[in-house]
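A.B. asks: The amino acid sequence is not available; the structure is as follows:
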């Protein structure tokens, strides 16, 4: 399994018991969806390695208490501490309407209701307080805030994100 075929689920945050149990921080709005997993991919030395889960349960909102097969001691748990967890993209629940996963809209065209075609989404910058669409128009890269008030429609069929952008935002780049 390649990392490009997976999504980031979370990170092994700390040990929970002397029997190898760990607490996994889940990077999701719905941690309950991931309580009954059979396995996950753990990134070890830049490789995704399948780890099978003996049992798991919710622990304080964003954490999952996990007992992996063959992780039976504190030393075993230390070896995977801080590692990132991944699942195949096919495990993501289907989103509808104007909800979308970031990876899903890469390559979509951005269309403004006033200006028409603005450019193509090449990536998403979520390292800022407000996530941004990175849109390419020819050689010009634009940063367009992902604000619900700007978003009119996600047209999955035609691979378009239709927006109602404030006057001057696109013009500032061109």
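C.D. replies: Happy to help now that I have it. Please read all numbers here as calculations on a predicted model, not as lab measurements.
A.B. asks: What average pLDDT does the longest strand along the chain get?
C.D. replies: In the chain, with assignment by DSSP state E, the single longest strand is strand 47-59. In this model, strand 47-59 has a mean pLDDT of 94.
A.B. asks: after that strand, next one along is what?
C.D. replies: Heading C-terminal from strand 47-59, the first helix or strand you meet, by DSSP states H and E, is strand 63-68.
A.B. asks: elements contacting that next one?
C.D. replies: strand 22-26, strand 47-59 (3 or more CB pairs under 8 Å, 6 or more residues apart in numbering; DSSP states H and E). To be clear about C-beta, it is placed using only N, CA and C from the backbone, and glycine gets the same treatment.
A.B. asks: contact partners of the first one?
C.D. replies: Taking CB atoms under 8 Å, 6 or more residues apart in numbering as the criterion, the residues outside strand 22-26 that touch it are 9-16, 34, 59, 62-66, 68, 71, 77, 80-81, 85.
A.B. asks: From the residues you listed, list the buried ones, please.
C.D. replies: Applying 16 or more other CB atoms under 10 Å to the contacts of strand 22-26, the neighbour count classes 9-13, 15-16, 34, 59, 62-66, 68, 71, 77, 80, 85 as buried.
A.B. asks: in the protein, which spans are strands?
C.D. replies: Going by DSSP E, the chain shows strands at 6-15, 22-26, 39-44, 47-59, 63-68, 84-88, 109-112, 116-125, 132-137, 140-145, 151-155, 160-163.
A.B. asks: Show me what the fifth one pairs with in its sheet, parallel or antiparallel.
C.D. replies: Paired strands of strand 63-68, with direction, are strand 22-26 (antiparallel), strand 47-59 (antiparallel) (DSSP bridges).
A.B. asks: what's the closest of these to residue 144?
C.D. replies: Closest to residue 144 of the strands paired with strand 63-68 is strand 22-26 (CB to CB; 28.8 Å).
A.B. asks: Neighbours of residue 48, how many?
C.D. replies: 19 (other CB atoms under 10 Å).
A.B. asks: Quick one: residues contacting the nearest residue to it once chain neighbours are set aside.
C.D. replies: Leaving aside its chain neighbours, residue 48 sits nearest to residue 41 (4.0 Å; criterion: CB to CB, 6 or more residues apart in numbering). Shown in contact with residue 41 (CB under 8 Å, 6+ apart): 1, 6, 48-51, 85-87.
A.B. asks: The same query, at a cut-off of 6 Å, please.
C.D. replies: 1, 48, 50, 86 (CB atoms under 6 Å, 6 or more residues apart in numbering).
A.B. asks: Could you export those as CSV, including distance to residue 96?
C.D. replies: Formatted as CSV, the contacts of residue 41 follow (distance: CB to CB, whole Å):
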residue, distance to residue 96
1, 27
48, 29
50, 30
86, 24
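A.B. asks: Cool, thanks, signing off.
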